[in-house]
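[1] Coordinates for the following, if possible.
(one chain, ligands or ions: 1)
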Amino acid sequence: MFDPYEIRKDFPILERVINGRKLIYFDNAATTHKPLPVIEAIREFYIKYNANIHRGLHTLSQEASEKYEKAHETVAKFINAYSWDEIIFCSNTTDALNIVAYAWGLNNLREGDEVVLTVMDHHSSMLPWRNIAKFKKIKIKYVDITNDGYLKYSDFEKLITERTRVVAFPIMSNVLGTINDVKRIVKLAHEVGAIVVADGAQSVPHMPTNVRDLGIDFLAFSGHKMLGPTGIGVLWGKRELLEEMMPFKVGGDTIKDVTLDDVIWHDVPWRFEAGTPNIAGAIGLEAAIKYLQKIGLQNIRNHEKQLVEHTFKLFKEELGDEVTIYGPRNPNDRGGVISFNIKGLNHHIVGRALDSLFGIAVRTGMHCAHPLHYRLGLKGTVRASYYLYNTREEVEELVNALKFIVKQKENIEAIFKKDIEGIICPTG
Ligand SMILES: Cc1ncc(COP(=O)(O)O)c(C=O)c1O
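    Predicted structure coming up:
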């Protein structure tokens, strides 16, 4: 039985009191909290078998190496990869996507080739290819969105041509919540021999992922967005593509042999895991995956869908046209990320008021998706993003808080205006 109230007991941070109110944490798309078993797995590593991996014949090093390798296996099974060595540990989604762009892109793209991206992309999916474009004189094309926040599949049909070598997009938008039709895009890309690079930062933590079924070529995701620690991320790639790739970060552990004239690269995945890796991070991520698997990814998906339905219903009933929601209205087509604005109030002011008066943590700004916000004609949005430990009551608290903010609009603006003047990156 899926029970968010039981699950919450594993997350001591949720007991925190923020500005006199019990914390309501709705910033899960930015990062998630860590349950006790994850914290314990990391603690155990440092207390019992801390050592560097692949460098020592002593017991601690062998134990650490075994656990680190086992973590690759757990991740591989989690996304139904063909084998453990298709899993590359890196620092986060951003790092994983840069590895594809630099290690695959620099070696495989030629002048005149084309890369198809989308206006919905997170900067981490978009900018690495833009950098490569500077080196390789390739052309970047962008798929647009519809007014209700879906990708325009007719654009993929138009923009993918014989020159297309890469198609990259998020499986789920971190702003609109849209869950994209991956298989439809894969079919179009593969018809012309292009590779598909899927950004799974928002999808992998929240729904079952099966890379074989999706048919994609690369998948990137972050441990910290799925109950794991920060500093550990995953790049999965099809073995034949990884085998062809040269590492772009090189040094310790990336080689089999080096002479002054030559180098023989290590097997995959080691040739891509340069230097001492985040061993504790990998062990923490493995514990997070086991925790998620025990609860069931489909159960998490269903729970978040219900929270979204509840939010939409209450927003409509209680806030009416005071609130504008962005992205698909059908909860089947979207995840638990809801971006919105309150009429006449700056998004940062709403965020500050939610935190200061109600202890509710949301993210405000452009969520590392500036082109998408410009496309929507927005300077920013308020984003509430849910996870397995959020409850219907918390959603109701958010709605009540927003009702108060709407009623007190002028006072709220006067009180919090000064707070946002000093924001370093007001577009965030
Ligand atoms: C869709 C998407 N892609 C990529 C990223 C980057 O993740 P990270 O900061 O862990 O590298 C994020 C983070 O918010 C995201 O939401």
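[2] which of the residues in the longest helix anywhere in the chain are buried?
    Longest helix of the chain, by residue count under DSSP state H: helix 59-78. Using 16 or more other CB atoms under 10 Å as the test for burial, helix 59-78 gives 61, 63-65, 67-69, 71-72, 74-76, 78. (Glycine included, C-beta is placed from N, CA and C.)
[3] what does that helix contact?
    Residues outside helix 59-78 that contact it (CB atoms under 8 Å, 6 or more residues apart in numbering): 45, 49-56, 81-87, 89, 209, 234, 236, 269, 277, 279, 282-283, 285-286, 289-290, 292-293.
[4] Then stretch 406-414?
    Applying CB under 8 Å, 6+ apart, the set of residues contacting stretch 406-414 from outside is 319, 322, 342-346, 349, 353, 405.
[5] Including secondary structure, could those residues go into TSV?
    Output for the contacts of stretch 406-414, formatted as TSV (DSSP: H, G, I helix; E, B strand; the rest coil):
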residue	secondary structure
319	helix
322	helix
342	strand
343	coil
344	coil
345	coil
346	coil
349	helix
353	helix
405	helix
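[6] This protein against the ligand: which residues are in contact?
    Proximity of the chain to the ligand, by CB under 6 Å from any ligand atom, involves residues 29, 92-94, 122, 124-125, 170, 174, 199, 201-202, 222, 368.
[7] so who does residue 19 touch?
    Taking CB under 8 Å, 6+ apart, we find residue 19 in contact with 355-359.
[8] And it, how far from the ligand?
    As judged by CB to the nearest ligand atom, to the nearest Å, residue 19 and the ligand stand 25 Å apart.
[9] And the contacts of stretch 406-414, which two are furthest apart?
    319 and 346 (17.0 Å; CB to CB).
[10] and the longest helix of the chain, average pLDDT?
    Helix 59-78 carries an average pLDDT of 97.
[11] what's downstream of that helix, the next helix or strand?
    The helix or strand immediately downstream of helix 59-78 is strand 87-90, counting by DSSP states H and E.
[12] Mind giving me the packing neighbours of that following strand?
    Other helices and strands packing on strand 87-90, by 3 or more CB pairs under 8 Å, 6 or more residues apart in numbering; DSSP states H and E, are helix 59-78, helix 93-99, strand 233-237.
[13] Dump that strand to CSV, restricted to CA.
    Extracted C-alpha coordinates of strand 87-90, given in CSV (Å, rounded to 0.1, in the frame of the first residue of the first chain):
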residue,chain,number,x,y,z
ILE,A,87,26.2,2.9,-16.9
ILE,A,88,28.6,5.8,-16.6
PHE,A,89,28.7,7.6,-13.2
CYS,A,90,29.3,11.3,-13.5
